[in-house]
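[1] The sequence and its predicted three-dimensional model are supplied below.
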Amino acid sequence: MAEKYNICLDVGGTKVLGAIFNEKDEIIYRLKKRSKSEGEGTADVEKVIISVVEEMIKESGIDKSKLNAIASCAPGVIDQAKGIVLFTPNLPWRNYDIAGAMRKKFGVPFYVGNDVNLGVLGEYQFGAAKGYKNVVGFFPGTGMGGGLILDGKLFTGHQFKAAEYGHMILDPEGPLCGCGQRGCLEAFSSKKGMSDYIRQQVSRGRECMLAEDVQNGVFRSKRLKKALAAKDKVAMEAVDRACHYLAIATGNMINTISPDLVLYGGGIMEAMGELWLEKILAEVDRYCMPSIRPTVELKIAALGDDSILYGDLALIKGL
């Protein structure tokens, strides 16, 4: 019997990452393209996704007839059963039937879920969260996503809308978030939140190595790492502020869930996770019940950029 392949996609506010998995759950081909979602419509982002899938099929040399299924994530609120993106703060999608569009285009089953739900699921099935029963996941990237494993299962809540704790309000008079509220965790601890802070400081006449990077969007994780290595004061302030609010949010989730593990993933963590974890650990005890904190581990995701891709794979396989 001919081998079948699965295509898994990580669709974010600034990039589309794709991978082809063989039947041994190994990545045999990968591709990354930037997706400039600011000001673009649904069709424009859809074109990037389709081009990534088509290019991967062509360049990897696999026959289209050997394609088993495609799965993708998207940031925001998703009806996982119907494959409809209801709302996403960093992409131009509202009630968007991505599954219908992709099934029509490629003629194979298409699955879609929330990005960090799938990132945490990927780590639970294949990575750093394997063997834990209750997992809280924070994935700071362009936005700030959350994912929950409760009693060994991905918890998505009523209508798949759970774990949006990137929009936990930590300061009701704080900075404006992409969701329309003020003072969300995302507004402080995501790339968008940190970029907004850097832009604000630069507008006040302060110098920062990332001034040009954030002029029309968000910095890249590697650029932030470089700025921190150079002891850039504004960049350091942005990170300290981000970690401070992430520590508060971590404490809130520890007190609420009493998990075995709090997991931090995403591009920022892959680039400089040890530094962030150190800063979070220095503060988090202040925001936890003393009786709960000792029973919780805090770790960095093991699969890096591939967490969500493996979550897609778990979705296809029904894990």
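    That came in fine, so what should we check first?
[2] Tell me which stretches of the stretch 201-319 of the chain form strands.
    261-264, 297-300 (DSSP state E, counting those that start in this stretch).
[3] now the stretch 51-200 of the chain
    67-74, 77-79, 84-87, 94-96, 110-114, 135-140, 144-150, 153-154.
[4] List the neighbouring strands of the fourth one plus their orientation.
    By that I understand strand 94-96. strand 84-87 (antiparallel) (DSSP bridges).
[5] Please tell me how far the strand it pairs with is from the chain's geometric centre.
    The chain centre lies 16 Å from the centre of strand 84-87; the measure is Cα atoms, centre = their mean, to the nearest Å.
[6] swap in stretch 293-303?
    With Cα atoms, centre = their mean, you get 17 Å for stretch 293-303.
[7] measure it end to end?
    Stretch 293-303 has an end-to-end distance of 25 Å (Cα to Cα, to the nearest Å).
[8] in it, what counts as buried?
    Across stretch 293-303, burial judged by 16 or more other Cβ atoms under 10 Å covers 293, 296, 298, 299, 300, 301, 302, 303. In this view, the C-beta of every residue, glycine as well, is placed from N, C-alpha and C.
[9] Among these, list the two that are farthest apart in space.
    293 and 303 (26.2 Å; Cβ to Cβ).
[10] tell me which residues in the helix ranked longest in the chain are buried?
    The longest helix of the chain (DSSP state H) is helix 233-257. Using 16+ other Cβ under 10 Å as the test for burial, helix 233-257 gives 234-235, 237-239, 242-254, 257.
[11] so that helix versus strand 144-150, what angle?
    30 degrees (axes from the mean of the first three to the mean of the last three Cα atoms, to 10 degrees).
[12] name the helices or strands packed onto helix 233-257?
    For helix 233-257, the elements it packs on are strand 135-140, helix 185-189, helix 191-203, helix 221-229, strand 261-264, helix 267-284, judged by 3 or more Cβ pairs under 8 Å, 6 or more residues apart in numbering; DSSP states H and E.
[13] helices or strands next to the fourth one in the packing?
    What that stands for is helix 221-229. Using 3+ Cβ pairs under 8 Å, 6+ apart: helix 221-229 touches helix 233-257, helix 267-284.
[14] Same question for the longest one.
    Helices and strands in packing contact with helix 267-284 are listed as strand 135-140, helix 221-229, helix 233-257, strand 261-264, strand 297-300; criterion 3+ Cβ pairs under 8 Å, 6+ apart.
[15] Can you show me the CA trace of that helix as PDB?
    The C-alpha coordinates for helix 267-284 follow below in PDB (Å, rounded to 0.1, in the frame of the first residue of the first chain):
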ATOM      1  CA  GLY A 267       8.900  31.800  18.700                       C
ATOM      2  CA  ILE A 268      10.000  34.100  21.600                       C
ATOM      3  CA  MET A 269      10.600  31.100  23.900                       C
ATOM      4  CA  GLU A 270      12.500  29.300  21.200                       C
ATOM      5  CA  ALA A 271      14.800  32.300  20.800                       C
ATOM      6  CA  MET A 272      15.300  33.300  24.400                       C
ATOM      7  CA  GLY A 273      13.200  31.000  26.600                       C
ATOM      8  CA  GLU A 274      15.700  30.500  29.400                       C
ATOM      9  CA  LEU A 275      15.900  34.300  30.000                       C
ATOM     10  CA  TRP A 276      12.100  34.600  30.100                       C
ATOM     11  CA  LEU A 277      11.700  31.600  32.300                       C
ATOM     12  CA  GLU A 278      14.300  33.000  34.700                       C
ATOM     13  CA  LYS A 279      12.400  36.300  35.000                       C
ATOM     14  CA  ILE A 280       9.000  34.600  35.400                       C
ATOM     15  CA  LEU A 281      10.400  32.200  38.100                       C
ATOM     16  CA  ALA A 282      11.800  35.200  40.000                       C
ATOM     17  CA  GLU A 283       8.300  36.700  40.400                       C
ATOM     18  CA  VAL A 284       5.700  34.000  40.000                       C
END
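[16] How about the contacts made by residue 119?
    73, 137, 139, 145, 147, 265, 266, 301, 307, 308, 311 (Cβ atoms under 8 Å, 6 or more residues apart in numbering).
[17] Nothing else from me, thank you.
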